[in-house]
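Trainee: Generate a structure from the sequence data that follows.
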Amino acid sequence: MNRIIYMTLFVAALCCSCETEDFSIDPSLMPAATQKGANTFGCVIDGWVYTGGRYGDPKAIYYPAADETENDTIAINVRTNEDERISFFIINPKEKGITIYSLSDTPEKEYNVFTNAVLHGRYGTTELGNGTVNITRFSKDMQIVSGTFEGDYVKDGRFDITYTNGEK
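Mentor: Numbers count the residues shown, from 1 in each chain. As a prediction, the model looks like this:
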């Protein structure tokens, strides 16, 4: 009798813990490259596919520059599983901009780069370095940012995210 009670409690706990997971999203497949604000994200790190969406939509916040001494920035934060998330910043986002690898080579407000990319996990953080972003859509009216990215440790990255406005 006790075994039945324990099994029932175990199954109930297991079902309750999975409420926020969207099983319709396959975490082993890259999402389609869209430009409609589909809230998708995917990239390859060290040969492993990391995708967003299964554990909640990717989040992005656009921070416009307060004055000419600051940069516009988009902060992206994506849960890739229960214990991991990827975050990075896009500096001076521009649609169809030229891309480069290093912030030190950036003429003011001419290029799209990402910086401070980090994989946050259960056992700490892994620095993913800086890289380039090709923004294929940046609509301030519809609050959509879409594009591809790659860098030192990140390959074949793509995102299509609706963003919210923040303040610096």
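
Trainee: so where's the protein shaky on pLDDT?
Mentor: 1-22, 24, 26-27, 97-112, 168 (pLDDT under 70).

Trainee: middle-most residue in it, spatially?
Mentor: By C-alpha atoms, centre = their mean, the chain has its centre lying nearest to Val78, at 4.1 Å.

Trainee: element containing that one, please.
Mentor: strand 73-81 (DSSP states H and E).

Trainee: That strand: what's the following helix or strand?
Mentor: For strand 73-81, the following helix or strand on the C-terminal side (DSSP H and E) is strand 84-91.

Trainee: Now do the helices in the chain.
Mentor: 2-17 (DSSP state H).

Trainee: now the strands: where do they sit in it?
Mentor: 40-45, 48-51, 59-63, 73-81, 84-91, 98-99, 111-121, 124-139, 144-151, 154-162, 164-165 (DSSP state E).

Trainee: May I see those arranged in TSV, with distance to Ser28 as well?
Mentor: All C-beta spots, glycine's among them, are computed from the backbone N, C-alpha and C. Converted to TSV, these look like this (distance: least, C-beta to C-beta, whole Å):
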stretch	distance to Ser28
strand 40-45	10
strand 48-51	6
strand 59-63	22
strand 73-81	12
strand 84-91	15
strand 98-99	28
strand 111-121	17
strand 124-139	20
strand 144-151	20
strand 154-162	14
strand 164-165	29
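
Trainee: To Ile25, which of these lies closest?
Mentor: Ile25 sits nearest to strand 48-51 of all the strands of the chain, at 7.0 Å, using C-beta to C-beta.

Trainee: If we go by neighbour counts, what in stretch 155-166 is buried?
Mentor: In terms of neighbour count (16 or more other C-beta atoms under 10 Å), stretch 155-166 has its buried residues at 157-163.

Trainee: Looking at those, which one is closest to Leu29?
Mentor: Among these, and counting by C-beta to C-beta, the member closest to Leu29 is Arg158, at 12.1 Å.

Trainee: Correct me if wrong: that closest one contacts Gln35.
Mentor: No - between Arg158 and Gln35 there is no contact under C-beta atoms under 8 Å: 10.3 Å.

Trainee: Count the residues that sit near the closest residue to Ser28 other than its chain neighbours.
Mentor: Sequence neighbours aside, Val49 is the residue nearest to Ser28 in space, at 5.7 Å (criterion: C-beta to C-beta, 6 or more residues apart in numbering). Per other C-beta atoms under 10 Å, the neighbour tally for Val49 reads 15.

Trainee: Contact partners for Val49?
Mentor: 27-30, 42-43 (C-beta atoms under 8 Å, 6 or more residues apart in numbering).
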